[in-house]
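Student: Return atomic coordinates for the entry below.
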Amino acid sequence: VEVEVEVEVEVEVEVEVEEEVELEEEAEVEAEEEAEVGAEAEVAEVAELADFESKIAMADALVEEHKTEPELSINCLIVLMYGLKLAIPFEDIEGSIKLSNVTLSFDNDRNWILGEFRSATMGTHIVDTAQMLFGDNYDPAKSNYNEMIVLAGKHWSIVIDKVIKAQCIPFADVAENQSPQFRPWLTGTYSTEKCALVNVHAMVRMFEDELNI
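Tutor: Down below sits the predicted model:
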C-alpha cells in the first residue's frame, strides 16, 4: 500500500511539474509575441513619424522655393494721360473717380497740385500728372483730364484722360529705365502696348519731396 501511494504521489508531482513547465513556456511564448508586436508597432510608428517629418520638410522646401521665386509678370491698368500711355500696377491703385463727380478745394500755392478732395473715407491731393512729369514741356491747353486714379494709401491721386484696359505685363518684356535719377517714376517701357510702366512708390516719393513731407 505504501508503494502504491508513493507512486501516485510521484506521478502527480511529475504531472504538476510538467504543467508548470508548459505554462511557463506558453507565458514565455506570449511574452515574446507581445514583444515582437510591440517592436513592430514601434517600428511602424517611427516610420510613420519619419514619413510625416519628410512631408513637412518637402512642404517647407516648396514654401521657401515659392518665396524666393521672382514674380514673372504684373497686372496693370493701362491709362491715357496727355497722349502718353501709362501702365499702373493694380496693387498700387485704390480706385478711380470721374472728375465730374468730385468737388475740389483748389491749391493756389503749387501749380502741380490741382486741389484736394475729401470724403468720409479719405483726403487726397490731386496731382496735375502731366505738369509733374513733363515740367516746362507741358501745355495745359492740350490736357483732357476726365478721371482721377487714387493711389495706394489714398493720400495722392493722379489725373488721366481715360482708362484703356487691364493688362498683364511680363517683366521679361519690359525695357528697364537706365536713368532712374532723371525719371524715378519710370520702371521701364513695355513695347507691346507702347506704354510706360509706372513705379508708383517712386512717384509718391517725388510728390512728397516736392511738398516737403
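Student: can you give me the helices for the protein?
Tutor: Under the criterion DSSP state H, helices of the chain are mapped to 2-68, 129-134, 200-210.
Student: Quickly, which of those helices bottoms out on average pLDDT?
Tutor: When the helices of the chain are ranked by mean pLDDT, helix 2-68 comes last with a mean of 56.
Student: what comes into contact with stretch 171-178?
Tutor: Residues from elsewhere that reach stretch 171-178, judged by Cβ atoms under 8 Å, 6 or more residues apart in numbering: 70-74, 183, 186-192, 197. Any C-beta I mention is one placed from the backbone N, CA and C, and that applies to glycine too.
Student: count of neighbours near the residue nearest to residue 201 when sequence neighbours are not counted?
Tutor: Sequence neighbours aside, residue 92 is the residue nearest to residue 201 in space, at 7.4 Å (criterion: Cβ to Cβ, 6 or more residues apart in numbering). The number of residues packed near residue 92 is 19, by other Cβ atoms under 10 Å.
Student: Over to residue 107?
Tutor: Taking other Cβ under 10 Å as the neighbour definition, residue 107 ends up with a count of 15.
Student: Find the nearest non-adjacent residue to it, please.
Tutor: In space, residue 107 is closest to residue 113, 4.3 Å off (Cβ to Cβ, 6+ apart).
Student: do you know how far the one you found is from residue 102?
Tutor: Between residue 113 and residue 102 the distance is 14 Å, computed by Cβ to Cβ, to the nearest Å.
Student: out of the two, which sits in the busier spot?
Tutor: For residue 113 versus residue 102, neighbours defined as other Cβ under 10 Å are more numerous around residue 113 (21 against 15).
Student: these two touch, right, residue 129 and residue 160?
Tutor: Yes: counting by Cβ atoms under 8 Å, residue 160 is a contact partner of residue 129 at 6.8 Å.
Student: overlap in contacts of these two?
Tutor: Both residue 129 and residue 160 are in contact with residue 81, where contact means Cβ under 8 Å, 6+ apart.
Student: so what's the residue nearest to residue 201 up against?
Tutor: Counted by Cβ under 8 Å, 6+ apart, residue 92 has contacts 151-152, 198, 200-201.
Student: again, only this time at 10 Å
Tutor: Taking Cβ atoms under 10 Å, 6 or more residues apart in numbering as the criterion, residue 92 is in contact with 74, 76-77, 149, 151-153, 198-201, 203-204.
Student: on that earlier part again, filter the contacts of stretch 171-178 to the buried ones?
Tutor: Among these, those classed as buried by neighbour count (16 or more other Cβ atoms under 10 Å) are 74, 186-190, 197.
Student: Go through those residues and flag which are in strands.
Tutor: In strands, judged by DSSP state E, the following of the buried ones among the contacts of stretch 171-178 are found: 74, 186-190, 197.
Student: Closest one of those to residue 141?
Tutor: Comparing those against residue 141 with Cβ to Cβ places residue 186 closest, at 25.0 Å.
Student: Bridged to that closest one, which residues?
Tutor: Assessed by DSSP bridges, residue 186 has beta-bridge partners residue 198.
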